[in-house]
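Participant: Everything below, folded, please.
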Amino acid sequence: MTAVRALHRALVGTRPGLVGLATVIGIGAGIGSVLFHELILGVTWLVTGREDFSDAGRVASPHLPGLGVWFLLVAPVLGGLVYGPLVQRFAPEARGHGVPEVMLAVARRGGRIPATVAAVKALASGICIGTGGSVGREGPIVQIGSALGSAIGQWLRVPATRLVLMVACGAAGGISATFDAPISGVVFGLELILRSFSAEAFGVLVISSVVANVVAEVIAGDRAILTLPHFDLGSPAQLPLYALLGLLAGLLGWAFARILYAVEDACDAVWRGPEWLRPAVGGLLLGALLLALPQMYGVGYPVLEAAIGGRYVVGFLLLLVVGKILASSLTIGIGGSGGVFAPSLFVGGTAGTAFGYAAAALFPALDLHPGAFGLVGMAAVFAGAAHAPITAVLIVFELTGDYALILPLMAAVVLATGLSNLVSRDNIYTLKLLRRGIDLAADTPTDEALRRVVVAQVMRPADGTTPDPELPALDPDGSVHDVLGVLAAHRGAALPVREGPDGPLLGTLAEHDLLDHLRGVAGRGTVDR
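Facilitator: Okay, here's the model as predicted:
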């Protein structure tokens, strides 16, 4: 028993222990990513007879021959009938695109995510995408990996300062294994989940990202999602055109976020039935859109690859842009489950390629490659939507492995992010939280410090005295920030800390204990993150 306690202390309280936990989370995220991908492929094959239907055209499913092409109308309805009740009954937070819930858990809940979220999110998103939902798989795998990291941390009762790192490790590992992009996974975890950079966070996220990538590689082999031709920047004279693309892409990313939530608001206003039935009824609208434009079925990477590869004319590229924005917004609006990362890449790739064709027609002497503008557009639209320029640059670079376009890529992404920030300080992720009255940008360093510290870290150990039974008991795993009101209402009193209402007394917490903690933080000149 002593050895077990020593091992627990080493895992929870030392840096080598944190490295070990990051490794375990990376293994879990890598396995989870592969299983989730196989789930999507399996459901898609079961419904359509193909592992990816987006590039098949308007054809019948060999598994539903009696329906002909009309199976496209029925598939989202059947999927909604399965995942709608599943999400409503077991994990309502699994609805939607997932990343905002992880950001909230890190910023306001000390990294605590219910363990059921991982399983429900995987099943719901796999069924939603496999039955035609026009969303991505990166949002779900971020939430799945983060929930795994949180569950391990809560089981081991790690402090909140480390629990948020474990959540970010899960997110980084999920992105790394899904896109075969280990650097992007790390930066995504730092830039969007933690929203801060530190040496310790960078180190453990690198470990989790690398391990997840290696595990997925061993299990699934090559996981490249796009195979694209090589593009060059022919002349510096082309840079102004890429700069213009960046500005337009920033506005397009901003518009995508607003349309997404406008459609969700419209669905909220119209729907009056039970929430569990909403995805099935709304699936009729999504199915009608798929009948008109079957290229919107699922994630759509083969269609994106064909667009950048020059297989579509400008008019159809613009139709794909509008179709993807509407299809993704509708999928989320009716209560579907999936990410918005991949749709933003799709929108950027098709819009950028269309821009490239127009530029090539206007300036034939520059020898422009429309597909190169498509690659840059992918990153720029995502940057405009998410306000995550470093992740945007790295994800496209790692997806293509092509360094030749790094200059226009960086320029366009910075301009897209800057213009989008001028138009609105909120991005596609924080806007969802802001609509619920949660403004992460309003947090002060003290707010964040208190939210990341749990009661057990600052309480005084029980000294044998019996506290007043009339005083409310505090949860040892609760955030200190959440009990400020209780402490203020019982000024001067030492409130008991118990495991459960009738559990044993673990210690006491008073206002002066909290002040001592804050003085110590100020004296060190740091804020625990």
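Participant: Which strands or helices does the helix or strand containing residue 152 pack on?
Facilitator: Per DSSP states H and E, residue 152 falls inside helix 138-156. Helix 138-156 is packed against helix 2-13, helix 15-48, helix 99-108, helix 116-130, helix 160-179, helix 341-362, with contacts defined by 3 or more Cβ pairs under 8 Å, 6 or more residues apart in numbering; DSSP states H and E. Any C-beta I mention is one placed from the backbone N, CA and C, and that applies to glycine too.
Participant: Out of these, which is the most enclosed?
Facilitator: When these are scored by mean count of other Cβ atoms under 10 Å, the highest mean neighbour count falls to helix 160-179 (a mean of 32).
Participant: Next secondary structure after that helix?
Facilitator: Downstream of helix 160-179, the first helix or strand assigned by DSSP H and E is helix 182-188.
Participant: Could you name the helices and strands sitting against that next one?
Facilitator: With contacts taken as 3+ Cβ pairs under 8 Å, 6+ apart, helix 182-188 sits against helix 160-179, helix 199-220, helix 389-400.
Participant: Other residues contacting the longest one?
Facilitator: In this structure, residues lying in contact with helix 199-220 by Cβ atoms under 8 Å, 6 or more residues apart in numbering are 15, 18-19, 21-23, 25-27, 29-31, 33-34, 37, 145, 165, 168-170, 172-177, 180, 182-183, 185-186, 189-190, 194, 223, 529.
Participant: coming back round to it: reformat the helices and strands packed on helix 182-188 as CSV; add mean pLDDT.
Facilitator: Shown next, in CSV, are the helices and strands packed on helix 182-188 (pLDDT from 0 to 100):
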stretch, mean pLDDT
helix 160-179, 89
helix 199-220, 92
helix 389-400, 88
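Participant: Among the ones you listed, which comes closest to residue 506?
Facilitator: helix 160-179 (16.3 Å; Cβ to Cβ).
Participant: by how many degrees do that closest one and helix 116-130 diverge?
Facilitator: Here the directions of helix 160-179 and helix 116-130 differ by 20 degrees (axes from the mean of the first three to the mean of the last three Cα atoms, to 10 degrees).
Participant: Show me what helix 160-179 is packed up against.
Facilitator: Using 3+ Cβ pairs under 8 Å, 6+ apart, helix 160-179 is in contact with helix 15-48, helix 99-108, helix 138-156, helix 182-188, helix 199-220, helix 389-400.
Participant: got the helices and strands packed on helix 182-188 as JSON lines, with distance to residue 241 columns?
Facilitator: Shown next, in JSON lines, are the helices and strands packed on helix 182-188 (distance: least, Cβ to Cβ, whole Å):
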{"stretch": "helix 160-179", "distance to residue 241": "28"}
{"stretch": "helix 199-220", "distance to residue 241": "34"}
{"stretch": "helix 389-400", "distance to residue 241": "18"}
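Participant: Out of those, which gets nearest to residue 367?
Facilitator: Residue 367 lies closest to helix 389-400 among the helices and strands packed on helix 182-188, at 20.1 Å (Cβ to Cβ).
Participant: Was I right to think residue 145 contacts residue 168?
Facilitator: No - contact criterion Cβ atoms under 8 Å: residue 145 and residue 168 do not qualify, at 9.5 Å.
Participant: if I look at residue 478, how far off is residue 93?
Facilitator: Distance of residue 478 to residue 93, given as Cβ to Cβ, to the nearest Å: 19 Å.
Participant: can you pull the buried residues of whichever strand or helix holds residue 279?
Facilitator: Using DSSP H and E, residue 279 maps to helix 278-292. The neighbour-count check on helix 278-292 (16 or more other Cβ atoms under 10 Å) flags 278-283, 285-287, 289-290 as buried.
Participant: out of those residues, who's nearest residue 44?
Facilitator: Minimum separation from residue 44 among the buried residues of helix 278-292 (Cβ to Cβ) is found for residue 290, which lies at 12.9 Å.
Participant: Determine the number of other residues adjacent to residue 340.
Facilitator: By other Cβ atoms under 10 Å, the residues close to residue 340 number 29.
Participant: ok, the nearest residue in space to it that is not next to it in sequence to residue 253 distance?
Facilitator: Sequence neighbours aside, residue 97 is the residue nearest to residue 340 in space, at 4.7 Å (criterion: Cβ to Cβ, 6 or more residues apart in numbering). Distance of residue 97 to residue 253, computed by Cβ to Cβ: 15 Å.
Participant: picking that back up, out of the buried residues of helix 278-292, flag the one nearest to residue 53.
Facilitator: Proximity of those to residue 53 (Cβ to Cβ) peaks at residue 290, which lies at 9.2 Å.
Participant: Could you pull up the residues touching the closest residue to that closest one other than its chain neighbours?
Facilitator: Nearest non-adjacent residue to residue 290, counting by Cβ to Cβ, 6+ apart: residue 72, 4.3 Å away. By Cβ under 8 Å, 6+ apart, residue 72 lies in contact with 58, 132, 287, 290-291, 294, 297.
Participant: So for the helix or strand harbouring residue 74, what gets flagged as buried?
Facilitator: In the assignment (DSSP H and E), residue 74 maps to helix 71-90. For helix 71-90, the neighbour count (16+ other Cβ under 10 Å) marks 71-88 as buried.
Participant: re the thing from before, least confident pick among the contacts of residue 72?
Facilitator: Lowest in pLDDT among these is residue 58, which has 89.
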